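Q: Need a 3D model of the following:
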Amino acid sequence: MIYFKLFIGNSKVSFKIFKNLCLGIFLSIFLSGCGWVLVGGGAYEGYKVATDPRTIGTQVDDAIITTKIKAKLVEDPLTKARKIDVDTVNGVVTLTGFVDSEEEIRRAIEIAQSVPGVKKVVNNLKVGKRGLKGYISDKKITARIKAKFIADPEIKALSIDVDTLNGVVTLTGVVKREEQRRRAVELAKTVEGVREVIVNILVKGDK
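A: Next up is the predicted model:
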């Protein structure tokens, strides 16, 4: 009530600020409670949200899409046992992970496509398994790429998600300029153990 009184006597600009404040509070609460859905936790991910070129509204919409897809994957008897990573940027969903069959890949794609707001599904799912050694190696690669992103003054690629499967790195997110996209790919390729880089990075304004 106090905040409402503070804003009600001002112009439409004040109302816009009030609305953005509410969105910001909502996003903060949403991310703190369900941060694993969007970014996985940690300092890197916190900075990534803070510097994301998307509007707060778009970030919330994408986070909700990701949440719904993950919930549906867990509920589905065919995909519930699989560790499928879900990233959503401007309504474009990227699925990454290992499954046991092509049928599971098809089902995961169907589930993602069924969620309202999804514009496109990028399939990075593979049939196969990853041993403990491969899992640890992939984690190291991901961590090293993120460290390079944070240290780089050109991109600070804090709106880019990094997923690694058997040395194949997928970069997903939004940057402000084409040069940043190219720089992110260059940095990822310099990390030892990277076999391939799949680029799902959008430049702000891309359709």
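Q: Tell me the spacing between A184 and V162.
A: According to C-beta to C-beta, to the nearest Å, A184 stands 9 Å off from V162. No exception for glycine: its C-beta is placed from N, CA and C like everyone else's.
Q: Could you list the residues in contact with the strand or helix carrying I136?
A: Secondary structure assignment for I136, by DSSP states H and E: helix 132-151. Helix 132-151 has contacts (C-beta atoms under 8 Å, 6 or more residues apart in numbering) with 44, 47, 130, 155-158, 160, 162-167, 169, 184, 187-188, 190-194.
Q: Identify those among the residues you listed that sit within strands.
A: Per DSSP state E, strands hold the following members of the contacts of helix 132-151: 160, 162-165, 169.
Q: Could you double-check that V169 sits in contact with V194?
A: Yes - contact status for V169 versus V194: in contact at 5.4 Å, counting by C-beta atoms under 8 Å.
Q: These two: which is more packed in?
A: Neighbour tally, V169 and V194, criterion other C-beta atoms under 10 Å: the higher count belongs to V169, 23 against 16.
Q: mind listing what the residue nearest to the spatial centre of the chain touches?
A: Closest residue to the average C-alpha location of the chain: D87 at 3.9 Å, with C-alpha atoms, centre = their mean. By C-beta under 8 Å, 6+ apart, D87 lies in contact with 66, 93-94, 96, 161, 163, 172-173, 200.
Q: what's across from it in the sheet?
A: In this entry, D87 is beta-bridged to T94, by DSSP bridges.
Q: Domain map for this structure?
A: 1-123, 132-203 (automatic domain parsing).
Q: export those to CSV and tack on mean pLDDT?
A: Shown next, in CSV, are the domains of the chain (pLDDT from 0 to 100):
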stretch, mean pLDDT
domain 1-123, 72
domain 132-203, 91
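Q: Measure how buried V115 is and give me the count.
A: Neighbourhood size, V115 [other C-beta under 10 Å]: 20.
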